[in-house]
Structures are given as structure tokens and as C-alpha cells.
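Chemist: here's my sequence, what's the structure:
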Amino acid sequence: MNLWAFGESFTAGDELADFLVAYPYILGNMLKCDKVYNTAYSGASNYFITEQLMNNITRITDDDYLVFGFTSCSRHQYFSNDFNNYVTVQNAIEPFNFLRIKGTKNHTKYGIKYKIFSNVIDEFKEKEALDISINFCKNFLEELNYMTIETLIEILSVYKICKRNNFKFLLTMAFHNPFTENLSILRCKETINIMSYVIAEVQDKTLLFPEFQKFCIDNKIDLMPLGHPCEKGHLEWAKVLYNKLNEIYGVE
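Modeler: Below you'll find the predicted structure:
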């Protein structure tokens, strides 16, 4: 029996001195799993998370547990011919910085907020970064509807794939709630209807805890400089997930 973890920076163990104390490994010990396969990647989009499930689906057995840590709707992934890699653009809303992922050097340019994540890029071509951001910002509400629907489709797809294969799985959101985070500015009735359908469909295998950072602060659990929980926070999150898995599957 193995544990498979799919997610972004929190699941990957960003900012921890040792990634092996990230919550997937703690949860794996709690579940008495033989191995933990952590496919998470810092900056991952929900598309990437779904893609990792499909890349590994033939290796997953009925005895395994699967935990998904979905991220914000605002991350959009596309393939860049210039970078020859998948690139994620995030939060193209307000003036901010260009983040170069290797070396974490910040630059304030152009008055447009954007981030680009890639695990293979040392140097970004700033012109392409600017073009990406401008195109992304042109029709923000339309893009927001698109990104929200895209995330809902990813969540629903993961749910249906896991159900069809009789996997033991849990969909989680520790810092974001894709069902509500853009609700106040969405004006598309179709998007809201899709959201309602997805909520009703997946709620039996979903754990929503978008206030987990506040939970950490309230319980005097330190947050790291970029906002990720410390080792104690990972332990607490593993306990939350274990209890939910036990409620659904009776793991004890």
C-alpha cells in the first residue's frame, strides 16, 4: 500500500529544511504505507496536478491512497515553444514583480503583476514574459471566468477518474477555495452554474480548509517567510487529512 500526493508548494514541502517532513510523508507513516510518491511541484497549476495523476495512473493500485492539494484558480499553464517547457502564469491582476524562479531575484517592471514558474529555466526572456502578461490582462474578467471553469473541470476530472478506478482518494484545498475565491467578481451565470454542479458532485470526497494559515496563526504555529506552514503545521495538516480519510474509508 502506497500514498500518492499531488499538489503544489505546500505538498512539495517548500521552505522546510527537509522535504521528508512535509505532510505527505507524515501522513504516509500514519497510514502505515510502504512508500510515499510525492509528485508535487512548487508553482504547479491545477492542470499540472491533474496531469501528474494521468502520468502515474497505471502505477496506482486499489490499495493505495491518493491525496490532492489543489491550488488557486489564478494559475494558468501553457506550453512555451521558446522555453520548450510548460510554464505557469499566475495572478495577472495588479502591479507587481517578475519572479525569476532560480535565484529568486525580483524585478519591478512594466506595472503588470505576473509570475512565471518553470523547473528548467535559468534565464527568462523578459520580452516574452511581458507579452504573456499583457495578453493575460487584456480581458481580465473573461480570463477569470475561463480560469475558474478550467479549475472546476480539473477538480471534477480528478474526482471522476478516481471514482471510476475505485481509488481511495481525497481532494483538499488548504489555502484556496476555488468554489468561492472569485465568486464576488464573477458575472457569468454559466460559470456559477458549473460551480454549483461541481460542488454537489465532489463534496463527499473533498476537504475544504482555506483558512489553514489562520488556523496555524491562531494555534501559534509558525509560518515560513513565503507563508508556508513550518514542520509543526505539516504535522497538524497530516492529522486533519488522516481523520478525514478515516471518516471516509475507515483506515484505523
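Chemist: what pLDDT, on average, does the helix or strand harbouring residue 161 get?
Modeler: According to DSSP states H and E, residue 161 maps onto helix 140-164. Across helix 140-164, pLDDT averages out at 78.
Chemist: any idea which helix or strand comes after it?
Modeler: Downstream of helix 140-164 (by DSSP H and E), the next one is strand 168-173.
Chemist: and the angle from the next helix or strand after that next one to helix 140-164?
Modeler: As assigned by DSSP H and E, the chain's next helix or strand after strand 168-173 is helix 189-202. If you take axes from the mean of the first three to the mean of the last three C-alpha atoms, to 10 degrees, helix 189-202 sits at 20 degrees to helix 140-164.
Chemist: helix 189-202: what's the following helix or strand?
Modeler: That would be, after helix 189-202 and using DSSP H and E, strand 206-208.
Chemist: partner strands of that following strand, with direction?
Modeler: Looking at strand 206-208 with DSSP bridges, its partner strands are strand 168-173 (parallel).
Chemist: contacting residues around the partner strand?
Modeler: Applying C-beta atoms under 8 Å, 6 or more residues apart in numbering, the external contacts of strand 168-173 come out as 62-70, 155, 158-159, 162, 202, 205-210, 241, 244-245, 248-249. For glycine as for every other residue, the C-beta is placed from the backbone atoms N, C-alpha and C.
Chemist: filter the residues you listed down to the buried ones, PyMOL style.
Modeler: Only the buried entries of these go into this PyMOL selection, using 16 or more other C-beta atoms under 10 Å:
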select buried, resi 64+65+66+67+68+69+70+155+158+159+162+202+205+206+207+208+209+241+244+245
